[in-house]
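>>> Requesting a structural model of the entry that follows:
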Amino acid sequence: MKVDKKLVEYLANLSRLEFDDTKLAEITGQLEEIIKYVEKLNILDTKDIEPTAHILPLKNVFREDKISPSIDRNKIFKSSPDSDNGYFMVPRIIEE
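The predicted structure follows:
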């Protein structure tokens, strides 16, 4: 693939980037080197390689869902400054 100034200007416009002529020439050279490097992969025989989204085998690991006792509500409310009918009472912060 040939990378020229026109292509880089087009990509910059899509990316909402602006470059002066010096920077544009520098980016054009860098992008062309990157494309040349990636094109080296075309020499590899990949016909028997299965496409993959990730190089490592991934699987979801779930723990067993076990029922366990929770904290006693009475102990929780004993440590709070004020509670009423199973709710924590806090100072009102919104004034009418």
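>>> Strands along the protein, start to end?
For the chain, the strands defined by DSSP state E cover 83-84, 87-88.
>>> Check the ones you listed for me and report the most buried one.
strand 83-84 (a mean of 12; mean count of other C-beta atoms under 10 Å). Where you see a C-beta, it was placed from the backbone N, CA and C, and this is true even at glycine.
>>> on that earlier part again, relative to Tyr37, which of the strands of the chain is closest?
Smallest distance to Tyr37 across the strands of the chain (C-beta to C-beta): 61.4 Å, for strand 87-88.
>>> quick one: contacts of the closest one?
77, 80, 82 (C-beta atoms under 8 Å, 6 or more residues apart in numbering).
>>> For that strand, which strands pair with it and how are they oriented?
When pairs are called by DSSP bridges, strand 87-88 turns out to pair with strand 83-84 (antiparallel).
>>> Using JSON lines, please lay out the strands of the chain together with mean pLDDT and distance to Pro69.
Listed next are the strands of the chain as JSON lines, based on pLDDT from 0 to 100; distance: least, C-beta to C-beta, whole Å:
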{"stretch": "strand 83-84", "mean pLDDT": "86", "distance to Pro69": "21"}
{"stretch": "strand 87-88", "mean pLDDT": "88", "distance to Pro69": "21"}
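>>> Quick check: which of those strands is nearest to Ile94?
strand 87-88 (16.5 Å).
>>> next one: the closest one to chain centre, how far?
Offset of strand 87-88 from its chain centre (C-alpha atoms, centre = their mean, to the nearest Å): 38 Å.
>>> again with stretch 44-56
23 Å.
>>> which regions of this structure lie under the pLDDT threshold?
Nowhere does the chain drop to pLDDT under 70.
>>> Could you pull out the helices in it for me?
5-14, 21-39, 73-79 (DSSP state H).
>>> Can you lay out these as JSON lines showing distance to Glu64 and mean neighbour count?
JSON lines is the format used below for those (distance: least, C-beta to C-beta, whole Å; neighbours: other C-beta atoms under 10 Å):
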{"stretch": "helix 5-14", "distance to Glu64": "49", "mean neighbour count": "13"}
{"stretch": "helix 21-39", "distance to Glu64": "45", "mean neighbour count": "12"}
{"stretch": "helix 73-79", "distance to Glu64": "26", "mean neighbour count": "10"}
